[in-house]
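> Structure here, sequence nowhere to be found:
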């Protein structure tokens, strides 16, 4: 299981969750977005290994979660981080 998927089991986040693309991704299905290495996104929702994200240009869409790395992990303790 991808660490991002493990952390993002909840579909609602108390604060904005920011991610960055770890590699290039080309959209393969309707509703997906292209990503470029280092591109920053806000993660809005995660379900079954797919993240629904908002890009800086205002577009929303889906990308596989394993193409994203978290910029900051919210919470001060491990217990808060995995909640």
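On my side now, so go ahead. Everything quoted here is computed from the prediction, not taken from an experiment.
> Just grab the bridge partners of residue 20 for me.
residue 40, residue 69 (DSSP bridges).
> burial count for it?
As a burial measure, residue 20 scores 15 neighbours (other CB atoms under 10 Å). C-betas here are computed from N, CA, C, even on glycine.
> any idea how far it is from residue 50?
Distance of residue 20 to residue 50, computed by CB to CB, to the nearest Å: 17 Å.
> Poorly predicted segments of this structure, please.
Low-confidence segments of the chain (pLDDT under 70): 1-15, 73-83.
> switch to 50 and redo it
1, 10-11 (pLDDT under 50).
> So which bits of stretch 37-51 are buried?
39, 41, 42, 43, 46, 50, 51 (16 or more other CB atoms under 10 Å).
> where's residue 42, which helix or strand?
Residue 42 belongs to strand 40-47 when assigned by DSSP states H and E.
> helix or strand right after that strand?
strand 50-55.
> Please name the strands paired to that next one in the sheet, noting orientation.
When pairing is defined by DSSP bridges, strand 50-55 lines up against strand 40-47 (antiparallel), strand 60-64 (antiparallel).
> right, and the ones you listed - which one's nearest residue 26?
Residue 26 lies closest, by CB to CB, to one member of the strands paired with strand 50-55: strand 60-64, at 10.3 Å.
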